[in-house]
Every structure is written in structure tokens, then in C-alpha cells.
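>>> here is my input; please provide its structure:
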Amino acid sequence: MSWQPLLQNGERILWRGRPAPRCYTFRYWRLGWAGVLILCFGLAGWSFLPAGMSLLLLVAGLLLAVGLPVLCRLFWVRVDYVLTNHRIYWRGGLLRDRCASRELADLVDFSVDRHGPQLATVSLRFGYERRLLRLFCLEHPETLTILFKPQPGHGKERG
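Okay, the predicted model is just below:
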């Protein structure tokens, strides 16, 4: 899908990216392992727990261990990020396409959380919002972060 209809007059695309598929799909891997443990406990508890509780544990374990990665992969297909000379846009959604943007002038701070040498999640903080905007699992995130205007405190890197 093209970004051109959403851009305002005078805006030009400086960077466009998508999350790395494997990293995005398994970004909640700790919950997946917790799901495996819950699933094992539900299977082992079948003999000494009430049937309803064991069944609940089995369903919860399956949802965390299998359902969460499948859901993330379905989301990944529609995730897209664009940085222009004025704004940052992101698109995603499972059933319907959702698109939002923030003014670059409102960018207060950003941080880079490394997943590997060339893979990271970039978190952006805008002055008027408490929540961070996270651009998950970007390959070569420095191609994006060098485009942010340098200000004191910018560019904390973790991990």
C-alpha cells in the first residue's frame, strides 16, 4: 500500500522500514515459555486438579505458547513504518488497517534496545504523551536514528 496519499504537502519520505519477521513474531518469547510451563502443569495436574482447572491451564498454556506467536505473525504482515521530513507514520492492524502519525518536532527522546548486532527496537518519546512509540525489530536501526535531529539526551542505547 502506498504512503503517498497520507503525506501532507511538502513531505517527502526519508526512511521506510518493516520489522524483521522472526524477531517480530517471537518478541514475546518469555511468555511463550511460560505458556509451555503452564501447559505442562495442566497436563501433569490432570490427575490431582479438578478437570475444569486442568482444562483452563491447558487452554491458557496453548494460547501463550502457540496462539501468541501466530497472532504476532498475522499482525506482522501489515506493519509498516515511514519517516518523513516532518512526521513519523506507522501502520498495522489485524482485521483493519490502522494508521497513525506523530510530529517529529514533538520528539523528546529515543532509545535503542538491541536484540543483536543489526537488530533493535527503537522507542520514541513524544513530549505530550506518556506512552512510548515502539518500532519493533528493525534491521539496521541506525539508518533511522541518524535521521533524528541531535539534541542533548538523545540516543540512549541499551543492550
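>>> pull the longest strand from the protein.
Longest strand of the chain, by residue count under DSSP state E: strand 107-116.
>>> walk me through which strands that strand pairs with, and which way each runs.
strand 119-126 (antiparallel), strand 156-158 (parallel) (DSSP bridges).
>>> residues in contact with Gly91?
I think there's a mix-up here, since residue 91 is Arg and not Gly. Contact analysis of Arg91 by C-beta atoms under 8 Å, 6 or more residues apart in numbering lists Met1, Arg78, Val79, Asp80, Tyr81, Asp97, Arg98, Cys99. For the C-beta atoms, the positions are set from N, CA and C on the backbone; glycine is no exception.
>>> just give me the neighbour total for the fourth one.
Around Asp80 sit 17 other residues, with neighbours defined as other C-beta atoms under 10 Å.
>>> same question, the third one
Using other C-beta under 10 Å as the criterion, Val79 is surrounded by 19 other residues.
>>> which of the contacts of Arg91 count as buried?
Arg78, Val79, Asp80, Tyr81 (16 or more other C-beta atoms under 10 Å).
>>> mind listing which of those are in strands?
Going by DSSP E, the strands hold Asp80, Tyr81 from the buried ones among the contacts of Arg91.
>>> would you mark the buried spots in the helix or strand hosting Trp33?
Per DSSP states H and E: Trp33 is located in helix 29-44. Buried residues in helix 29-44, defined by neighbour count with 16+ other C-beta under 10 Å: Gly32, Gly35, Ile38, Leu39, Phe41, Gly42.
>>> which of these sits closest to Leu57?
Gly42 (3.0 Å; C-beta to C-beta).
>>> what's the distance between that closest one and Cys99?
From Gly42 across to Cys99, the span is 40 Å (C-beta to C-beta, to the nearest Å).
>>> so what's Thr121 up against?
The contact partners of Thr121, taken as C-beta under 8 Å, 6+ apart, are Arg27, Val112, Asp113, His115, Arg134, Leu135, Phe136, Cys137, Leu138, Pro141.
>>> how about a cut-off of 10 Å?
Taking C-beta atoms under 10 Å, 6 or more residues apart in numbering, we find Thr121 in contact with 19, 23-24, 27, 111-115, 132, 134-138, 141, 158-159.
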